[in-house]
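K.L.:
Give me a model of this one.
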Amino acid sequence: MSLLLEMKGIQKSFYGNQVLHAVDFSLEKGSVHALMGENGAGKSTLMNILVGIHKRDGGTVKIEGEEVEIDSPAVAQKMGIAMIHQELSSVVEMSVAENIYLGREPVRHGFIDYRQMYKQTGELLEMLHIKLNPRAKMGSLRVADQQLVEIAKAVSQDARLLIMDEPTSSITDREVENLYKIIRDLQKRGTGIVYISHKMDEVYEITDKITILRDGESIATWETKEATNDMVVKAMVGRELTEQYPKREAHIGEPILELKGLTRAGEFEDINLTLHKGEILGLVGLVGAGRTELMQALFGLTRLEKGEIILKGQKVELKRPSDAIRQGIAYVTEDRKGEGLVLPMSIAHNTTLPSMKEFSSKIFIRSGIEKKRTNEILSELKVKMASPRLAVKNLSGGNQQKVVLAKWMMKDPDVIIFDEPTRGIDVGAKAEIYKLMNEFVAKGKAVIMISSEMPEAMGMSDRILVISNHRLSGELSREEFSQDVIMKMAMRYM
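P.N.:
Coordinates of the predicted model:
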C-alpha cells in the first residue's frame with residue numbers, strides 16, 4: 001500500500017505546557033490504523049492538528065508525499081480529510097439532513113434545495129443501513145442515533161482520509177457490526193482510516209496497525225496481528241495493570257433507596273428495585289431499554305406518572321434535580337460535555353457549581369475556602385491540568401469525567417448514579433474511576449451504574465438488574481453472573 005499520510009516530529013504547546021513532543025504517525029491508503037493512549041496522551045491534539053483545528057508548533061505533515069499546511073477545517077475538508085468526533089457536535093434544533101449537509105447544502109435557484117437534501121440523506125442512510133428519518137430533529141434522537149448521524153456525515157464528505165474518534169462509544173453491538181461493514185467498504189475504495197479507540201476487541205477486529213502515544217510522545221507502532229493485550233496496555237500506561245476491575249470486600253448494609261412501581265409511559269414500566277448501603281448495583285440492558293430514562297426520573301429530570309421513591313426509610317418527592325441533590329443523590333451523566341459540564345467555565349468553577357451556597361455568604365463568595373477545597377478534591381481525583389483556572393474544555397475526556405465526578409464528591413452524596421461512567425476513557429483512567437467507586441461505597445454509600453460494557457458491569461457490580469424494553473426482566477447476584485444469561489434477560493420482552 002502507498003503512503004497516504006505522514007506526520008513527522010509534530011510538536012504542540014498550550015499555555016506553556018508541551019502536549020506533543022516530536023510525534024510521528026503515518027497512514028497507508030486503504031488501511032485502518034489504531035491510535036491508542038491514555039486520556040491526555042495527545043491523540044485528540046494530534047488529530048485536531050490534522051483537521052486544522054490546532055496549528056502545530058513544529059514538524060511536517062505530508063499528504064501523498066506532498067508537504068501541506070492545514071490551517072483551518074475548511075482546508076482539511078478540501079484535502080479530503082474528515083473527522084467523526086467522540087463528543088457530538090450536532091445542532092439539536094436542526095434536522096438529520098441539515099446536520100449532515102451543514103455548510104454543503106444543495107442549492108437551486110439561489111436557495112437551499114430541501115427536497116434534494118432530504119432525498120440525498122435518505123439514500124445515504126439507506127446505504128449505511130441506518131434507520132432514521134432525514135427530517136427528524138437531532139435533539140429528539142438518542143445519543144446512539146446522533147452518533148450514527150455523525151458517521152453518516154463523515155461518509156457523505158467522500159473523504160480519502162477519515163478519522164474516527166471512539167465511533168462505537170454510544171451504539172449497540174448490531175450497529176457496531178454495521179460500522180465494521182462501512183469501514184471495510186471504505187477500505188476497498190482506498191480510504192485511509194485513523195481509528196481512535198480504547199476497546200481492545202475492536203482494535204483487533206478492524207485495524208491493521210496500532211500506534212501508542214503516552215504523555216505526548218510516540219511510544220510504539222506494531223502490526224495489529226503482532227501486538228498482545230499486555231504489550232498495548234503496558235505501552236499505554238507505562239506500567240502493568242494487575243487487575244482490570246479492582247477487588248474489594250463488599251460490606252452490604254441496610255436499604256438506602258427503594259423504587260416501587262415506577263412508571264413513565266413509553267420509557268419504563270412498573271420498576272421495583274432496592275439499593276443497599278455499600279453496594280454497587282449494575283443496571284444492564286440494550287440501548288433504548290429505558291435505563292437512562294429511569295435514572296433521569298429518579299434524579300428529577302423528568303416527572304414520574306406512577307410509583308414511590310423511598311430514601312433512607314422516608315418517602316420523598318423528587319420533582320426537580322435540586323430536590324434530588326438536597327436528598328443526597330448525584331447523577332454522573334453519559335454526556336459529560338452536553339450535560340455534565342459548562343465548557344467555557346474554569347475547572348474550578350465547574351467543580352464547585354452544585355456547592356456554591358456552601359462557599360457563599362449572603363453577598364460574597366468565600367474564595368479562599370472555595371479554592372482550598374477545590375484543590376483538595378481535584379488532587380484527590382488526580383485531575384491532570386496546568387491550572388484549575390483553565391477552561392474545562394481544554395482537558396482530555398478522562399480528566400473532564402473526573403471533574404464531573406469531583407463536583408458531586410464535593411457534595412458528599414449518599415447515592416451516585418453513574419451513566420456509562422467510562423465511555424471514551426482509557427484503561428488507566430478507567431482503573432482510577434473504578435477505584436473511586438469502590439472507595440465511595442466502602443464509606444457506606446451506594447452506587448447505581450448503567451453500563452453497556454458487559455465485562456465492566458460484571459466486574460464492578462455486586463448485583464445486576466436487567467431491563468428489557470422498559471420492564472425489569474431479571475436480577476442476578478454476583479455468583480449468578482453470566483454474559484449469556486444477561487443477554488437472554490435483555491432480550492426477554494423484545
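K.L.:
Tell me how many other residues crowd G16.
P.N.:
6 (other C-beta atoms under 10 Å). Quick note: C-beta positions are derived from backbone N, CA and C, even for glycine.
K.L.:
ugh, wrong one, V194
P.N.:
Number of residues near V194 (other C-beta under 10 Å) recorded here: 25.
K.L.:
Checking the closest residue to it other than its chain neighbours next. Helix, strand or coil?
P.N.:
Distances taken as C-beta to C-beta, 6 or more residues apart in numbering place I163 nearest to V194, at 4.5 Å, with adjacent residues excluded. In three-state terms, and counting by DSSP: H, G, I helix; E, B strand; the rest coil, I163 is strand.
K.L.:
what's the pLDDT at I163?
P.N.:
Listed pLDDT for I163 reads 95.
K.L.:
Distance of it relative to L46?
P.N.:
Distance, I163 to L46, by C-beta to C-beta, to the nearest Å: 10 Å.
K.L.:
cool, and L286?
P.N.:
Taking C-beta to C-beta as the measure, L286 falls 34 Å from L46.
K.L.:
just I70 next, same as before
P.N.:
Noted for I70: a distance of 12 Å to L46, by C-beta to C-beta.
K.L.:
between these two, who's got more neighbours?
P.N.:
Between I70 and L46, L46 has the larger neighbour count (other C-beta under 10 Å), namely 27 against 22.
K.L.:
In contact with the more buried one, which residues?
P.N.:
Neighbouring residues of L46 by C-beta atoms under 8 Å, 6 or more residues apart in numbering: 7, 10, 20, 23, 25, 35, 213.
K.L.:
Helices along the stretch 351-494 of the chain, start to end?
P.N.:
Remark: helices assigned in the stretch 351-494 of the chain by DSSP state H, counting those that start in this stretch are 367-380, 397-409, 427-442, 454-460, 483-490.
K.L.:
quick one: the helices in the stretch 201-350 of the chain?
P.N.:
Applying DSSP H, counting those that start in this stretch to the stretch 201-350 of the chain gives helices spanning 229-237, 291-298, 321-326, 347-352.
K.L.:
For the last one, give me every contacting residue.
P.N.:
When contacts are defined by C-beta under 8 Å, 6+ apart, helix 347-352 is touched by residues 341-342, 359, 370-371, 373-374, 377-378, 383, 385, 387-392, 395, 403, 406-407, 410.
K.L.:
Could the C-alpha coordinates of it be exported in CSV?
P.N.:
C-alpha atoms of helix 347-352 as CSV (Å, rounded to 0.1, in the frame of the first residue of the first chain):
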residue,chain,number,x,y,z
ILE,A,347,-12.2,23.7,36.0
ALA,A,348,-12.5,25.2,39.5
HIS,A,349,-15.9,26.8,38.8
ASN,A,350,-17.3,23.6,37.3
THR,A,351,-16.1,21.7,40.4
THR,A,352,-18.0,24.0,42.8
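K.L.:
Mind putting the helices of the stretch 201-350 of the chain into JSON lines with distance to M94 and mean neighbour count?
P.N.:
Below are those laid out as JSON lines (distance: least, C-beta to C-beta, whole Å; neighbours: other C-beta atoms under 10 Å):
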{"stretch": "helix 229-237", "distance to M94": "38", "mean neighbour count": "17"}
{"stretch": "helix 291-298", "distance to M94": "23", "mean neighbour count": "23"}
{"stretch": "helix 321-326", "distance to M94": "27", "mean neighbour count": "16"}
{"stretch": "helix 347-352", "distance to M94": "27", "mean neighbour count": "24"}
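K.L.:
what's the closest of those to T121?
P.N.:
helix 291-298 (26.7 Å; C-beta to C-beta).
K.L.:
low-confidence ranges in this structure?
P.N.:
Along the chain, the parts satisfying pLDDT under 70 run over 1, 87, 239-243, 361-366.
K.L.:
No further questions, thank you.
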